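1. only geometry, no sequence info:
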DNA sequence: TTGTATGCGTTATCAC
DNA sequence: GTGATAACGCATACAA
């Protein structure tokens, strides 16, 4: 391993003071005949500024923390790609939190941000309660919320119109004459599940369906296997002509389950997913899905955070993403 | 935003010196009646140690950099999950590099590591040349290579037996009487593509096939769309009874393409993928795929890096992952 | 066990 | 435009 090279080494080699080198490195001195010498010394020695020293001095780490629930879910993979892209041309490095499923994990992660290793955080959590809210308010760095359900006026926030998205799917089913709709939801404690359920109930009622809560099944997780398990437990599946799934992974499981039972999709039962992930185009039949534009949300979150870092006094920004129903073969 | 609280604040409140507080924080002082006071002060003030100051002082950032080609590819998503898991119980935070496709991007990323913001790096690159090698040797932090093709005796290294994995697939085709095999490869410049191609040629020759290089198609990227494009360009597709795809995404594209042409999988043409990603079980037919255990490799890479960080003098570790053919419906 | 004091590498203030 | 120097917050060598 090579020896470490600091400002002092460069200064010595160039025959100037460290202050001058520092200025050149930071572009505070343009012309001057010294600059040439210094640049050469930097190249020859392979000098790279020490992040920690700089961070300590200017109180900024040039790092961003991305706090997400679960990298198994393609929707967060897409969001991550969006965030990556959003920061690509910036000076910021991206930190990836571990998977944050429970309130405790979220809190631990947020608390650790008190160590000042990040200049900002993009948080997308399945859960949101007062305790999390409290810790958020103690953070000394800007926060961008992606998908925080309730209105949180203090933070830049990118939400999705869940109710509308779910409603679009229900409407589409009805327009195709499918009125017996099963809503296959994920774990009911999570925020997205709550919102999507509300949207379903509301939309069904608007179509004059009584007691729509009877047409809801809950999978234990947002994945294909849980979908299969949940559907296996349903007695009279053929009473339904459509299944609306709370995300694409559940839809993938549903399609597998149905074709295993020789039930034709969409002829016998139509299926719509939510999130419109990469998966949708690869399934057979290809999956009709409500696009909540996860990658775009990630990119937008990055943009909002960058803008706030540049100017902390900007007014709070709120965006509600309009969902779009991407129609493919499954419905 | 709350005001910042340092060791000084805690020390003042507890009526001790900052050194004593520092020791308590770092667990260098056990009992003592002072500890109680200090802990209370820490709690009351909500003290969190400043990462930058600590990093500067001890010359360690408690951060790890994960440098990957492409988060669009599920195999790297899986690897990332493995790495996340591997570091979950450690003190290390995970930094995610931007997508590293070209040599230039890899070099830029590696150079930036000279800023000492990471204590170690896990590198999985599609490309490896002398220039990258040179920069690697100047790094002052441990490196774990995942999938560096050539032997690199200086670094902990987790490889995959590509040739063997591809051979398993070819053997399986032959055992099912399928001898006319098309190899649908990715961009030929990348390392995995080279290795997999070699494995294919070698294996075909061992089955007495002459000029196997005539049975190779190259997709422009490792994704479904590129697979469709590549297959569209093939005149006499029905001369083949099997397609081996260089990864699952290509296989997904191939299956879509074939079913679009009313070619039955596996009856008319069998398909095998590589990587055995989450996708495999969700396609129709489900995809037979060579498992290179990406998630496990990620976790192992994290383990190797942790061990080396703990003890830099350990002998270099090399592991070659044994592939496994996961048989599903597509072949 | 506790306190004092030094330095990690950098930026920024101040004189020149 | 340049150089000397203080300070960022912490860990630790040393003295007590």
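-> Sure, I can see it. Everything numeric here is computed off the predicted structure, so don't read it as measured data.
2. where in the stretch 101-250 of chain A is pLDDT low?
-> A:149-151 (pLDDT under 70).
3. so where do the strands sit in it?
-> With DSSP state E, counting those that start in this stretch as the criterion, the stretch 101-250 of chain A has strands at A:120-123, A:143-146, A:156-160, A:181-185, A:216-218, A:242-245.
4. Tell me which residues of stretch A:83-101 come out buried.
-> By neighbour count on 16 or more other C-beta atoms under 10 Å in any protein chain shown, the buried set for stretch A:83-101 is A:83-87, A:90, A:92-101. The C-beta positions use only the backbone N, C-alpha and C, and glycine is treated the same way.
5. what do you get for stretch A:225-232?
-> A:226, A:227, A:228, A:230, A:231.
6. Using CSV, lay out the residues you listed together with distance to residue B:170.
-> Below are the buried residues of stretch A:225-232 laid out as CSV (distance: C-beta to C-beta, whole Å):
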residue, distance to residue B:170
A:226, 36
A:227, 35
A:228, 33
A:230, 40
A:231, 38
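7. and those residues, which of them are in helices?
-> Residues of the buried residues of stretch A:225-232 located in helices (DSSP state H): A:226, A:227, A:228, A:230, A:231.
8. now the nearest residue to the last one once chain neighbours are set aside: how far from residue A:227?
-> If I follow you right, that is residue A:231. Closest residue in space to residue A:231, ignoring its immediate chain neighbours: residue A:257 at 4.8 Å, by C-beta to C-beta, 6 or more residues apart in numbering or on different chains. Noted for residue A:257: a distance of 7 Å to residue A:227, by C-beta to C-beta, to the nearest Å.
9. Now render the buried residues of stretch A:225-232 as CSV, adding distance to DNA strand C.
-> Formatted as CSV, the buried residues of stretch A:225-232 follow (distance: C-beta to the nearest atom of the strand, whole Å):
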residue, distance to DNA strand C
A:226, 50
A:227, 52
A:228, 55
A:230, 55
A:231, 58
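10. Need the max-distance pair from these.
-> A:226 and A:231 (9.7 Å; C-beta to C-beta).
11. Now for those two: what residues contact both?
-> Common contact partners of residue A:226 and residue A:231 (C-beta atoms under 8 Å, 6 or more residues apart in numbering or on different chains): residue A:253.
12. Where does the stretch 151-300 of chain A get nearest to chain B, residue-wise?
-> At 3.5 Å from chain B, residue A:284 is the closest residue in the stretch 151-300 of chain A, using C-beta to the nearest C-beta.
13. That residue falls within a strand, correct?
-> No. Under DSSP: H, G, I helix; E, B strand; the rest coil, residue A:284 sits outside any strand and is assigned coil.
14. tally of neighbours for it?
-> When neighbours are defined as other C-beta atoms under 10 Å in any protein chain shown, residue A:284 has 18 of them.
15. quick one: it from residue B:203, how far?
-> Relative to residue B:203, and taking C-beta to C-beta, residue A:284 is found at 30 Å.
16. cool, and residue A:280?
-> In this view, residue A:280 and residue B:203 are 35 Å apart by C-beta to C-beta.
17. go on, residue A:75?
-> Residue A:75 is 38 Å from residue B:203, where distance means C-beta to C-beta.
18. and what of residue A:302?
-> 45 Å.
19. need the residues of chain A near DNA strand C, please.
-> A:4, A:6-8, A:18-19, A:22, A:25-26, A:47, A:49-50, A:53-54, A:56-58 (C-beta under 7 Å from any atom of the strand).
20. Let me know the average pLDDT across stretch A:6-17.
-> Across stretch A:6-17, the average pLDDT comes to 96.
21. Return the set of buried residues in it.
-> A:6, A:7, A:9, A:10, A:11, A:13, A:14, A:16.
22. and the nearest residue to residue A:225 once chain neighbours are set aside, how many residues sit next to it?
-> Excluding its sequence neighbours, the residue lying closest to residue A:225 (C-beta to C-beta, 6+ apart) is residue A:253, at 6.4 Å. If you count neighbours by other C-beta under 10 Å, residue A:253 ends up with 25.
23. Would you agree residue A:253 falls within a strand?
-> No. Per three-state DSSP, residue A:253 lies outside any strand segment and is helix.
24. What separation is there between it and residue B:207?
-> Distance from residue A:253 to residue B:207, by C-beta to C-beta: 38 Å.
25. For the closest residue to residue A:177 other than its chain neighbours, give me its contacts.
-> Of all residues beyond its chain neighbours, the one nearest residue A:177 is residue A:241 (8.0 Å), with distances taken as C-beta to C-beta, 6+ apart. Taking C-beta under 8 Å, 6+ apart, we find residue A:241 in contact with A:173, A:177, A:178, A:179, A:180, A:181, A:268, A:269, A:270.
26. Name only those of those that count as buried.
-> For these, a burial check counting by 16+ other C-beta under 10 Å picks out A:173, A:178, A:181, A:269, A:270.
27. Now do the second one against DNA strand D, distance only.
-> Distance from residue A:178 to DNA strand D, counting by C-beta to the nearest atom of the strand, to the nearest Å: 61 Å.
28. What residues does that residue make contact with?
-> A:241, A:242, A:270.
29. Same check on the first one?
-> When the contact criterion is C-beta under 8 Å, 6+ apart, the partners of residue A:173 are A:179, A:181, A:241, A:242, A:244, A:270, A:272, A:331.
30. what sits against the residue in the stretch 101-250 of chain A positioned nearest to DNA strand C?
-> Residue nearest to DNA strand C within the stretch 101-250 of chain A: residue A:116 (13.7 Å; C-beta to the nearest atom of the strand). For residue A:116, the contact set (C-beta under 8 Å, 6+ apart) comprises A:55, A:59, A:61, A:140, A:141, B:48, B:50, B:51, B:52.
31. Ranking by neighbours, what's the top pick from those?
-> Neighbour count (other C-beta under 10 Å) singles out residue A:61 as the most crowded of these, with 27 neighbours.
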